[in-house]
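Visitor: need a structure here:
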Amino acid sequence: MYFHQPTFEAGPREGVNRYSKVEVYLKTQAVGLEQDGNGVTIVAENVETRSSVVVQARYAVGCDGARSFVRKSLGIGF
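Guide: Residues are numbered from 1 along each chain as shown. The predicted structure is shown next:
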């Protein structure tokens, strides 16, 4: 299946602007993910500066492609 990534991302990027508590991290990739009874903790790293950020949330959405870091980290099958 093929889709144009910038066209796909336009909708979610526009949608998150409606919510004050949503933070968007561009040029950042997840390098660690843990799940417990309270939610998820994600360690992310900026690919340019190598600075890290730790994010805690109720949910992590694994829509990061066929080689999904999220899916592999949580042991979710393909």
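Visitor: Does residue 32 lie in a helix or a strand, and which?
Guide: Element membership of residue 32 [criterion: DSSP states H and E] is strand 28-36.
Visitor: Who are the packing partners of that strand?
Guide: strand 39-46, helix 69-73 (3 or more CB pairs under 8 Å, 6 or more residues apart in numbering; DSSP states H and E). Bear in mind the C-beta positions are built from the backbone N, C-alpha and C, glycine included.
Visitor: run the last query once more with 10 Å
Guide: Applying 3 or more CB pairs under 10 Å, 6 or more residues apart in numbering; DSSP states H and E, one finds that strand 28-36 contacts strand 39-46, strand 52-57, helix 69-73.
Visitor: Make JSON lines from these and add mean pLDDT, mean neighbour count and distance to residue 29 to it.
Guide: Output for the helices and strands packed on strand 28-36, formatted as JSON lines (pLDDT from 0 to 100; neighbours: other CB atoms under 10 Å; distance: least, CB to CB, whole Å):
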{"stretch": "strand 39-46", "mean pLDDT": "95", "mean neighbour count": "16", "distance to residue 29": "6"}
{"stretch": "strand 52-57", "mean pLDDT": "94", "mean neighbour count": "12", "distance to residue 29": "11"}
{"stretch": "helix 69-73", "mean pLDDT": "84", "mean neighbour count": "16", "distance to residue 29": "7"}
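Visitor: can you put the ones you listed in a markdown table and add distance to residue 19?
Guide: Shown next, in a markdown table, are those (distance: least, CB to CB, whole Å):
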| stretch | distance to residue 19 |
| --- | --- |
| strand 39-46 | 17 |
| strand 52-57 | 13 |
| helix 69-73 | 21 |
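Visitor: buried ones in the top helix by length along the chain?
Guide: Ranked by residue count, the top helix of the chain under DSSP state H comes out as helix 5-16. Counting neighbours by 16 or more other CB atoms under 10 Å, one finds that helix 5-16 has no buried residues.
Visitor: Can you name the residues in contact with it?
Guide: 4, 22, 23, 24, 26, 61, 63, 65 (CB atoms under 10 Å, 6 or more residues apart in numbering).
Visitor: Could I get the average pLDDT for it?
Guide: For helix 5-16, mean pLDDT is 87.
Visitor: show me what contacts residue 77?
Guide: Applying CB under 10 Å, 6+ apart, we find residue 77 in contact with residue 71.
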